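K.L.:
Got a predicted structure here, sequence first:
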Amino acid sequence: MKLNFTKYQGTGNDFILVDDREQSFPQDISIIKNLCDRRFGIGADGLILIQDHPELDYRMIYFNSDGSQSLCGNGSRCGFAFAQSLNITREHATFETTDGIHKIKSENGIIHFQLFDVSEVNQLNDQEWFVNTGSPHHIVLNEDVAALDIVSNGRQIRNLPEYSGQNGTNVNFAQLLQNGVKLRTYERGVEDETLSCGTGATAVGIVAGKLGYKSPVSIQTKGGELSVSFKYENEKFIEIWLAGPAEKVFEGSVTI
Ligand SMILES: N[C@@H](CCC[C@H](N)C(=O)O)C(=O)O
């Protein structure tokens with residue numbers, strides 16, 4: 001079959017977007033892997049289907065490049081930009097994805113995605129934390145993230161036995177700066193460093209909040225700047241929003 005697609009990126013986290021309102025996309029892992037392959041396919045960190053929803057503005061189904069599923073923050077922002085281009089929604093939307101129903105909106109070209117409240121922020125030791133923002137995130141604080149081998153260090157933590165019950169974890173290496181946090185992320189499901197990870201940036205923003213940073217926290221990823229805002233009330237992070245750009249790269253069609 002012929003598949004029409006549009007490629008988007010959100011701070012360098014890149015996705016294949018498919019208008020699947022007719023639900024004709026074959027959700028086959030080998031097709032998703034081939035489409036996301038950077039040498040034999042279109043190339044992307046993930047693939048996103050936008051479908052009709054009986055009550056909400058739309059449903060978004062997210063696949064990592066290996067075909068696994070989880071919440072994707074940058075993908076949600078790109079999914080909204082794509083839904084706007086399809087005239088499914090305008091400036092505000094409510095949609096369903098992997099972990100439930102979320103709000104999303106655009107303001108002055110920046111897309112703001114609301115994540116669920118977070119009450120568990122686990123400090124593992126002086127330098128390491130674990131936070132689940134809809135996807136699982138291990139966080140390592142480091143004084144010079146530019147010098148790190150993200151793939152080998154990230155893969156070792158991703159495969160720790162304590163994370164095997166949840167199919168591993170994403171791993172974020174965060175350098176605390178005066179005006180925000182510099183971040184590099186190893187993504188589960190891509191099994192590589194990506195240029196940016198939205199749920200990871202949010203997890204790091206929350207840890208920064210625990211360490212005394214004021215909302216909004218600026219997160220500097222390899223692919224650009226994200227902003228994480230929140231309130232902290234009754235030992236809980238609430239009204240958590242991830243904000244940043246989402247841009248169309250190109251569109252095309254392939255035979256699958
Ligand atoms: N890139 C994403 C996270 C996608 C899911 C993740 N790889 C996982 O499997 O947990 C983001 O922007 O949040």
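P.N.:
Received the coordinates, thanks.
K.L.:
Which positions in the chain make contact with the ligand?
P.N.:
13, 64, 68, 70, 72-75, 135, 170, 187-190, 197-199 (C-beta under 6 Å from any ligand atom). The C-beta positions use only the backbone N, C-alpha and C, and glycine is treated the same way.
K.L.:
now, which of those lie within strands?
P.N.:
Residues from those lying in strands, with DSSP state E as the criterion: 13, 64, 170, 187.
K.L.:
Now neighbour count too, for these, in TSV please.
P.N.:
Output for those, formatted as TSV (neighbours: other C-beta atoms under 10 Å):
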residue	neighbour count
Asn13	33
Asn64	23
Asn170	26
Glu187	26
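K.L.:
Helices of the protein, residue ranges please.
P.N.:
29-36, 73-85, 150-158, 198-210 (DSSP state H).
K.L.:
got the ones you listed as JSON lines, with mean pLDDT and mean neighbour count columns?
P.N.:
Listed next are those as JSON lines, based on pLDDT from 0 to 100; neighbours: other C-beta atoms under 10 Å:
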{"stretch": "helix 29-36", "mean pLDDT": "98", "mean neighbour count": "17"}
{"stretch": "helix 73-85", "mean pLDDT": "99", "mean neighbour count": "26"}
{"stretch": "helix 150-158", "mean pLDDT": "98", "mean neighbour count": "16"}
{"stretch": "helix 198-210", "mean pLDDT": "99", "mean neighbour count": "28"}
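K.L.:
can I get the ones you listed in JSON lines with distance to Gln127?
P.N.:
As requested, those are arranged in JSON lines below (distance: least, C-beta to C-beta, whole Å):
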{"stretch": "helix 29-36", "distance to Gln127": "33"}
{"stretch": "helix 73-85", "distance to Gln127": "24"}
{"stretch": "helix 150-158", "distance to Gln127": "12"}
{"stretch": "helix 198-210", "distance to Gln127": "11"}
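K.L.:
Would you check that Glu187 makes contact with Asn64?
P.N.:
Yes - using C-beta atoms under 8 Å, Glu187 makes contact with Asn64 at a distance of 7.3 Å.
K.L.:
before we move on, the earlier item: from the ones in strands among the residues of the chain next to the ligand, which is closest to the ligand?
P.N.:
Glu187 (4.1 Å; C-beta to the nearest ligand atom).
K.L.:
Leaving aside the residues adjacent along the chain, what's closest to the closest one?
P.N.:
Leaving aside its sequence neighbours, Glu187 sits nearest to Thr194 (C-beta to C-beta, 6 or more residues apart in numbering; 4.8 Å).
K.L.:
what is Lys105 paired to in the beta sheet?
P.N.:
Counting by DSSP bridges, Lys105 is bridged to His92, His112.
K.L.:
okay, now it: neighbour count?
P.N.:
Lys105: 18 surrounding residues under other C-beta atoms under 10 Å.
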